[in-house]
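In: coordinates only, sequence not included:
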């Protein structure tokens, strides 16, 4: 408990520290942006003074040369000079734009929005307005925080995915270990039961009783085999999917009340698919039990096998309460359940068996609230 609390505290310290560092970087970037923006404003004020001085110059060569030097020194900041709403000069603007009056007017409108214009007053009645934009360096600096946040977001997503996959891998190892231990624990009394069954047969105990006990022992052996395969690579066999599915269907059908109406439809000819019979049986049973739970033990359950060119589809349909569309994917998540009592592992385990062990697909093919749901499995056929 103390270790868990200490670990959570460490995580919060890392999160808060990272947030503070990012905030300082963004604040520092904003400060740089304001400094550069102020410097560019100062340059434009100097340019405006040079323009005024040049217009009022008394043709002294040194003064004219100084002003021209100031003009030529600006190679990055775009500017447009106007007088009486007419453009009289421009600098650092593409020649193609300068030749097109409409494009040049659009640039002027953009510059008006970027910075407050500088007023060059020559006398009481005459003045010019200097409009200027941000330099390329300032524009790059303006988008730097966005790029930084994007990098941080991507880095956070990578860390989160790594943490999530590591956590899932740990959980998978835990569940696999628990499943194998369960199979081991069941195996010990099961061996004893098989021995007692042989004794009962030798003592000529009633055949009906022996037969029923034998069925239950076979069932326990099947369950043990299923649990023992979790976490390890199962052996796939080329089998008739129709026959294997029908066997599981008939087994569950005989163990539920007449309040559930069962229907099975499939092609008459065998369809060969690479499956593990024990795990496939578990898949069908999970889907059928889930369907019966959705109907609260009363309704119609239909299992249909569709034969297509390269694949087969197994549809398990019920007349239960249905699933909302926003929960189509969530029903396969570990721990998700709509029942008051349940671990929410049935469909999650089924998805793993179908997709990881058999390279198939499983999904909610169709569902309507109050009318029922169709779960669909897709397997590739053996050619």
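Out: That came through, no problem. All values reported here derive from a predicted model rather than from experimental measurement.
In: please name the bridge partners of residue 302.
Out: residue 263, residue 317 (DSSP bridges).
In: how many residues are close by it?
Out: Neighbour count for residue 302, taken as other Cβ atoms under 10 Å: 17. Where you see a C-beta, it was placed from the backbone N, CA and C, and this is true even at glycine.
In: settle this for me: it is touching residue 266, isn't it.
Out: No. Judged on Cβ atoms under 8 Å, residue 302 makes no contact with residue 266 at a distance of 11.3 Å.
In: quick one: the strands in the protein?
Out: Using DSSP state E, the strands of the chain run over 79-83, 86-91, 118-121, 127-132, 237-240, 260-265, 272-275, 299-307, 311-318, 361-368, 372-380.
In: now render those as TSV, adding mean pLDDT.
Out: TSV is the format used below for the strands of the chain (pLDDT from 0 to 100):
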stretch	mean pLDDT
strand 79-83	83
strand 86-91	82
strand 118-121	81
strand 127-132	83
strand 237-240	94
strand 260-265	94
strand 272-275	94
strand 299-307	95
strand 311-318	95
strand 361-368	92
strand 372-380	95
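In: could those strands go into a markdown table alongside distance to residue 159?
Out: Below are the strands of the chain laid out as a markdown table (distance: least, Cβ to Cβ, whole Å):
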| stretch | distance to residue 159 |
| --- | --- |
| strand 79-83 | 46 |
| strand 86-91 | 48 |
| strand 118-121 | 48 |
| strand 127-132 | 43 |
| strand 237-240 | 42 |
| strand 260-265 | 48 |
| strand 272-275 | 38 |
| strand 299-307 | 44 |
| strand 311-318 | 38 |
| strand 361-368 | 30 |
| strand 372-380 | 35 |
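In: between those strands, which one is closest to residue 331.
Out: For residue 331, the closest of the strands of the chain is strand 361-368, at 6.7 Å, according to Cβ to Cβ.
In: mind listing what's buried in the closest one?
Out: Going by neighbour count (16 or more other Cβ atoms under 10 Å), the buried part of strand 361-368 is 362, 363, 364, 365, 366, 367.
In: surely the fourth one touches residue 375?
Out: Yes. In this structure, residue 365 sits in contact with residue 375. The criterion is Cβ under 8 Å, and the distance is 6.7 Å.
In: residue contacts, the nearest residue to residue 114 once chain neighbours are set aside?
Out: Closest residue in space to residue 114, ignoring its immediate chain neighbours: residue 133 at 4.8 Å, by Cβ to Cβ, 6 or more residues apart in numbering. Neighbour list for residue 133: 77, 78, 79, 110, 111, 114, 115 [criterion: Cβ atoms under 8 Å, 6 or more residues apart in numbering].
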